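K.L.:
Sharing a model prediction with you, sequence too.
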Amino acid sequence: DAKTTQPPSMDCAEGRAANLPCNHSTISGNEYVYWYRQIHSQGPQYIIHGLKNNETNEMASLIITEDRKSSTLILPHATLRDTAVYYCIVRVQARRALTFGSGTRLQVQP
Amino acid sequence: GAVVSQHPSWVICKSGTSVKIECRSLDFQATTMFWYRQFPKQSLMLMATSNEGSKATYEQGVEKDKFLINHASLTLSTLTVTSAHPEDSSFYICSAVRDRNTEAFFGQGTRLTVV
């Protein structure tokens, strides 16, 4: 699975959009971009995933660049409950384990 | 989304004893489950892959005789930490994939403290 690079930490004001970047310049054509988050002392929570097209669900939007070498997770209206570590993971769709990097620690400020 | 349940959420045990952690997929069948370990301020590290009806596959550096994994049914995998020592104290998390083309779902984790 391709390696990803994320900033170690970010701050965001409550109610504002949180934009979390991820670089995956070595991504292969059959690899998807997955985003998970981990709130303190809990198991990771699935957020969203995509291959080429931008994706949106009730939690977030995923913007993938045309060359697929980077992506951005957007939380449209961040709340204090969105404070967590966000992991960007690139992998093929298969019944295999996810490989977690260091992630981005997002702190939503009141 | 699909639900994966872990039990117990936390456990304290004495050094030298064994502890069993259960991971259940509540609303789907999981032929494959994964066990992770997470130390404070670190990321999740894969310990082993558990396949229903067959032996688990362990990652390099993980002792299979110390961390016993049993995947006896399509909805249950167990991790037993044998002869636990204080250095085994950690946050243990299981994960299950419903089928080939879906996301993985995670349990809430088990915090093990060995005293």
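P.N.:
Done, it's in. Numbers count the residues shown, from 1 in each chain, chains lettered A, B, ... in the order given.

K.L.:
Next, work out how far apart the residue most central in space within chain A and residue B:24 are.
P.N.:
Among the residues of chain A, residue A:35 comes closest to the average C-alpha position under Cα atoms, centre = their mean, at 3.6 Å. Distance, residue A:35 to residue B:24, by Cβ to Cβ, to the nearest Å: 25 Å. From N, CA and C alone the C-beta is placed, and that goes for glycine too.

K.L.:
what's the answer for residue B:62, then?
P.N.:
22 Å.

K.L.:
re the thing from before, tally of neighbours for the nearest residue to the residue nearest to the centre of chain A once chain neighbours are set aside?
P.N.:
Excluding its sequence neighbours, the residue lying closest to residue A:35 (Cβ to Cβ, 6 or more residues apart in numbering or on different chains) is residue A:47, at 4.3 Å. For residue A:47, the count of nearby residues is 21 (other Cβ atoms under 10 Å in any protein chain shown).

K.L.:
Skip ahead from the helix or strand harbouring residue A:47 and say which helix or strand is next.
P.N.:
Using DSSP states H and E, residue A:47 sits in strand A:45-50. Heading C-terminal from strand A:45-50, the first helix or strand you meet, by DSSP H and E, is strand A:55-56.

K.L.:
Return the distance of that following strand from the chain's centre.
P.N.:
Relative to the centre of its chain, strand A:55-56 is centred 12 Å away, using Cα atoms, centre = their mean, to the nearest Å.

K.L.:
Quick check: neighbours of it in the sheet, parallel or antiparallel?
P.N.:
Here strand A:55-56 is paired, per DSSP bridges, with strand A:61-64 (antiparallel).

K.L.:
re the thing from before, who are the packing partners of the strand holding residue A:47?
P.N.:
When contacts are defined as 3 or more Cβ pairs under 8 Å, 6 or more residues apart in numbering or on different chains; DSSP states H and E, strand A:45-50 sits against strand A:31-38, strand A:55-56, strand A:61-64, strand A:70-75, strand B:104-106.

K.L.:
ok, residue A:100 touching residue A:88?
P.N.:
No. If you go by Cβ atoms under 8 Å, residue A:100 and residue A:88 don't touch, sitting 9.9 Å apart.

K.L.:
burial measure for the residue in chain B that chain A sits nearest to, as a count.
P.N.:
Residue of chain B nearest chain A, by Cβ to the nearest Cβ: residue B:106 (3.7 Å). Residues within reach of residue B:106, counting by other Cβ under 10 Å, total 24.
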